[in-house]
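> any chance you can model this:
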Amino acid sequence: MRTLTPLEARVLGVLVEKQHTVPDTYPLSLNALLAGCNQKSAREPVINATEAEVLTAVDGLKSLSLVFEGSGSRVVRFEHNMARVYALPAASVALLATLLLRGPQTAAELRLHAERLHRFADISSVEGFLDEMAAKEPPRVRKLPRAPGAREARWVHLLCGEPLLPAQVAGGQGGDGDGDAASVSAGELAALKAEQARLADELAQLRQWAQRVGAELGIEPPGLAP
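Down below sits the predicted model:
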């Protein structure tokens, strides 16, 4: 399975979160899903995705069977299939969704932030589920090296591939006035990734069409090398 774009990860995390926190409105309509993605609280980074970008992310997740449309309503609604696709228990899904929504966190922070999704007996229980996900092939999470001055190491999800944390931290803590620019860049990353995926799909379709037309005419289409 391919890695997710940041916006796909945000959509997936929102669906898991809202399934537990607002069960009466789950599965989510597109408007509710968009509001959850752009929510200002309990999100890292905060983003401002458009409806079209969220729909692109949903389509990408549907192609991976991670999201499907609910039935029985005149309004199209969406629900996640995360536990089955990733073969994870409910406790692990709760932790993974919390990482998707809030970024790297310590085990203690995860226990606190995931409480409404799943109640863990203690921090050791959280660490046990994290260790299981880290041992999977491919791993779903990773324990980061403890930062200088920090008392605990943080965990990060790997659904979007290798984390870019070191460069982001360096840019945000440089003390030279670049922190705000780094935050803006992080906030826009999800939308940019979704747009990149959409353009890549359009390019692939264009290449297929040009090759088919070229074959019919007996010519090689220019400028469309793989």
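> hey, let's count contacts and neighbours off CA atoms from now on
Fine.
> what is the neighbour count of the closest residue to residue 141 other than its chain neighbours?
Spatial nearest neighbour of residue 141, chain neighbours left out: residue 157 (4.2 Å); criterion: Cα to Cα, 6 or more residues apart in numbering. Neighbours of residue 157 under the rule other Cα atoms under 10 Å: 26.
> got the phi and psi for residue 157?
When read as degrees, to the nearest 10, the backbone of residue 157 gives phi -80, psi 160.
> could I get the pLDDT score of it?
Note on residue 157: pLDDT of 97.
> from residue 20, how far out is it?
20 Å (Cα to Cα, to the nearest Å).
> now swap in residue 204 and tell me
On the measure of Cα to Cα, residue 204 and residue 20 end up 38 Å apart.
> please apply the same query to residue 79.
Distance from residue 79 to residue 20, by Cα to Cα: 12 Å.
> out of those two, which sits in the more crowded spot?
residue 79 (21 against 14).
> now that one, nearest residue through space, not along the chain?
residue 27 (5.0 Å).
> in this protein, which spans are helices?
With helices called from DSSP state H, the chain shows them at 6-21, 30-37, 51-63, 82-86, 90-102, 107-113, 123-135, 165-172, 179-217.
> quick one: find the helix or strand in the protein with the lowest mean pLDDT.
Between all helices and strands in the chain, the lowest mean by mean pLDDT, DSSP states H and E belongs to helix 165-172, at a mean of 46.
> isn't residue 28 right up against residue 77?
Yes - using Cα atoms under 8 Å, residue 28 makes contact with residue 77 at a distance of 5.0 Å.
> who's more crowded, those two?
With neighbours defined as other Cα under 10 Å, residue 28 and residue 77 compare such that residue 28 has more, 25 against 20.
> who's in contact with the more buried one?
15, 18, 77-79 (Cα atoms under 8 Å, 6 or more residues apart in numbering).
> between these, which is closest to residue 108?
residue 18 (21.9 Å; Cα to Cα).
> so what's the closest one closest to, chain neighbours aside?
Using Cα to Cα, 6+ apart and skipping residues adjacent in sequence, the residue nearest residue 18 is residue 26, 6.8 Å away.
> so how far is residue 112 from the one you found?
Relative to residue 112, and taking Cα to Cα, residue 26 is found at 23 Å.
> okay, those two: which has more neighbours?
More neighbours surround residue 26 than the other of residue 26 and residue 112, with 19 against 14 (other Cα under 10 Å).
> I'd say the more buried one and residue 19 touch.
Yes - Residue 26 lies in contact with residue 19 (Cα under 8 Å); the separation is 5.6 Å.
> for the protein, what are the low-confidence residue spans?
72, 165-202, 220-226 (pLDDT under 70).
> change it to 90
1, 70-74, 147, 163-226 (pLDDT under 90).
> can you pull up the most central residue in it?
residue 9 (1.0 Å; Cα atoms, centre = their mean).
> quick check: closest non-adjacent residue to that one.
In space, residue 9 is closest to residue 100, 6.0 Å off (Cα to Cα, 6+ apart).
> list the contacts of that neighbour.
9-10, 12-13, 157.
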